[in-house]
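S.K.: next comes the sequence, and after it the predicted model I'd like to discuss.
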Amino acid sequence: MQKIKLIIILVSVLFFNNSIIAQDDKDKEKKEKTPEFTVDAELRTRGNVINGYKKLPTDANYASYVIEQRTRLGFGYKTNILEMKITFQDARIWGDGNLNTATGAFGDSATIDLKEGWAALRLRDNFKLKIGRQELQLDDGRLVAKRNWCNPGLSYDAAVFKYKKNSFVMDVALSYNNSLLNLFAGEYDPIKMKSLNYIYLKKKFNKDLSVSLSSIFSGYQPTGAPNVLQFKTTVGPYLKYNNKKLFIKGEFYYQLGKTIESVDVSAYFLNAEAGYQINKVYIGAGIDYMSGQDSNTDRADKFQAFDILYGARFKYYGNLNYVVTPASTKYGGLMNPFVKLGAKFNKKNNLTVFFQMLQSAKDVADPVNAGEFYDKNLGSELDLIYTHKIRKDINIKAGYHFAFPTETMEAFKGVQPGTSETPQWFWLMFTFIPTLFSSK
């Protein structure tokens, strides 16, 4: 709770003193401009042939044929002082309705969800407060992301204080979650963040170069301890350089604090990537490194497996989603050298190729063979995604993903070593995102 108090004090000092809240004479003279209204929609349907997504297949499994659909309807309101957005969403699997009889399928008892419901109020020229259910993303989404690939996407209930002046940006986010309107402190699911807070600073030096610093405070509530919050702090810089030909990106984060079991945390993450655009072809390479728990040397009183919090998984560590939490590699961390290729055939068609070589960062003990350790090589994965843009609000995408898992990956996924088959996943996705109405 001390970290939340410190953040609240900081926000109070920065945003709620009289020099910020009180409008100066010039601000008072400004009138609210004519509102702009928008209505937008999204219909996204994705058909999948799955035989190895998240889980390794064996000869006892059969491919799954599944169709996902997401429908969104959003209403926007905007003036120079106030902005609001309300988006309703239905995310479903074809055939998942629970209102059915022998004579027909009549729908679902609970399908509509609130994807967004927020208001942003301008406090002064450079300050605004955005509060409510909203999408959040820090930089490339390694730690906090909207994760729009998954069918429902990811939204956060938060208050975000925003400052922007020229090329400098500062965001301060606060959240505190409950599952019910508790009259006294109550239980909360220990796998969900009870509180997500951050301070984000970004400076853009020119059109090509920017540097940012994130400090994220994530709190979890242990089962049976409604008055206890265990916080982890994740802090580090992000650098990006892109001049349309040369692309360089690097980020480093250090994690400290406590796990939900009250074990001290000391973990880190590193990413480095460089690429070059040659005509219509992009060639890039890089590496991800997440620290892990070394079964051979590390002390049990330190948790050294890095947690990527609510960051993106699918786009960085293999589209087959074999690495999603520290437990995915038995807390051995991850080292992931990768190569990216991109080909833009014309304005409407492009292809991306992503090859990864997944490895444990640290030694992981083999529980079956005392004194021995698993081989660090987890396998490799190849991801292919083709995009065809019919027009700016309609596109078609197709993806094919397959991997070559090792016996270590099989053991980590609970499959008898040597019995898995080649994991594969094919999907075809249609996306329609029209603006139905705009008062502009």
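M.R.: Structure's in. What do you need?
S.K.: name the nearest residue to residue 412, ignoring sequence neighbours.
M.R.: Among residues not flanking residue 412 along the chain, residue 330 sits closest, at 5.7 Å (C-beta to C-beta, 6 or more residues apart in numbering). Where you see a C-beta, it was placed from the backbone N, CA and C, and this is true even at glycine.
S.K.: how far does stretch 399-418 sit from the chain's center?
M.R.: 24 Å (C-alpha atoms, centre = their mean, to the nearest Å).
S.K.: go through that stretch and flag the buried ones.
M.R.: By neighbour count with 16 or more other C-beta atoms under 10 Å, stretch 399-418 contains the buried residues 399, 401-403, 405-413, 415.
S.K.: circling back to that earlier point, OK, contacts around the residue nearest to residue 412?
M.R.: Contact analysis of residue 330 by C-beta atoms under 8 Å, 6 or more residues apart in numbering lists 360, 364, 374, 412.
S.K.: could you do residue 403 as well?
M.R.: So residue 403 contacts 52, 318, 320, 322, 379-382, 422-423 (C-beta under 8 Å, 6+ apart).
S.K.: now, of the residues you listed, which are buried?
M.R.: 52, 318, 320, 322, 379-382, 423.
S.K.: show me the shaky parts of this protein.
M.R.: Low-confidence segments of the chain (pLDDT under 70): 1-30, 99-110, 297-300.
S.K.: the stretch 151-300 of the chain: strands as residue ranges?
M.R.: For the stretch 151-300 of the chain, the strands defined by DSSP state E, counting those that start in this stretch cover 156-165, 168-174, 195-204, 209-220, 230-242, 246-258, 264-278, 281-290.
S.K.: the second one pairs with which strands?
M.R.: Think strand 168-174. Strand pairing for strand 168-174, determined by DSSP bridges: strand 156-165 (antiparallel), strand 195-204 (antiparallel).
S.K.: which one of these lies nearest to residue 139?
M.R.: Proximity to residue 139 (C-beta to C-beta) singles out strand 195-204 among these, at 8.1 Å.
S.K.: list the buried ones in the closest one?
M.R.: Within strand 195-204, the residues that count as buried by 16+ other C-beta under 10 Å are 195-202.
S.K.: reformat the residues you listed as a markdown table; add distance to residue 294.
M.R.: Output for the buried residues of strand 195-204, formatted as a markdown table (distance: C-beta to C-beta, whole Å):
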| residue | distance to residue 294 |
| --- | --- |
| 195 | 31 |
| 196 | 29 |
| 197 | 31 |
| 198 | 29 |
| 199 | 32 |
| 200 | 32 |
| 201 | 33 |
| 202 | 35 |
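S.K.: distance of the residue nearest to residue 82 when sequence neighbours are not counted relative to residue 340?
M.R.: With sequence-adjacent residues excluded and distances taken as C-beta to C-beta, 6+ apart, residue 82 is closest to residue 121, at 5.7 Å. Distance from residue 121 to residue 340, counting by C-beta to C-beta, to the nearest Å: 41 Å.
S.K.: next: residue 318.
M.R.: For residue 318 relative to residue 340 (C-beta to C-beta), the value is 13 Å.
S.K.: got TSV for the strands paired with strand 168-174, with distance to residue 284 too?
M.R.: Output for these, formatted as TSV (distance: least, C-beta to C-beta, whole Å):
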stretch	distance to residue 284
strand 156-165	30
strand 195-204	22
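S.K.: could I get the full set of strands for the stretch 1-150 of the chain?
M.R.: 36-51, 64-78, 82-93, 99-101, 104-107, 112-124, 127-134.
S.K.: those: which one's closest to residue 392?
M.R.: strand 36-51 (12.7 Å).
S.K.: could you list the buried residues of the closest one?
M.R.: Under the neighbour-count criterion of 16+ other C-beta under 10 Å, strand 36-51 has 38, 40-42, 44, 46-48, 50-51 buried.
S.K.: ok, now stretch 284-297?
M.R.: 284, 286, 288-295.
S.K.: likewise for stretch 415-435?
M.R.: Buried residues in stretch 415-435, counting neighbours by 16+ other C-beta under 10 Å, are found at 415, 420, 423-427, 429, 431.
S.K.: so residue 81 sits against residue 123, correct?
M.R.: No: using C-beta atoms under 8 Å, residue 81 is not in contact with residue 123, being 9.6 Å away.
S.K.: neighbour count winner among those two?
M.R.: Counted by other C-beta atoms under 10 Å, residue 81 and residue 123 do not tie: residue 123 has more neighbours, with 19 against 16.
S.K.: how many neighbours does the closest residue to residue 184 other than its chain neighbours have?
M.R.: Nearest residue to residue 184, sequence neighbours excluded (C-beta to C-beta, 6+ apart): residue 226, at 7.8 Å. Residue 226: 14 surrounding residues under other C-beta under 10 Å.
S.K.: who touches residue 152 in this structure?
M.R.: Counted by C-beta under 8 Å, 6+ apart, residue 152 has contacts 70, 89, 91, 113, 115.
S.K.: looking at the residues you listed, spot the one nearest residue 346.
M.R.: residue 70 (28.0 Å).
S.K.: for the closest one, list each beta-bridge partner.
M.R.: Applying DSSP bridges, one finds that residue 70 bridges with residue 44, residue 91.
S.K.: pretty sure it contacts residue 87?
M.R.: No: using C-beta under 8 Å, residue 70 is not in contact with residue 87; the gap is 11.4 Å.
S.K.: so which of those two has more stuff around it?
M.R.: Between residue 70 and residue 87, counted using other C-beta under 10 Å, the more crowded position is residue 87 (23 against 20).
S.K.: quick check: the more buried one touching residue 71?
M.R.: No: counting by C-beta under 8 Å, residue 87 stays clear of residue 71, with 10.8 Å between them.
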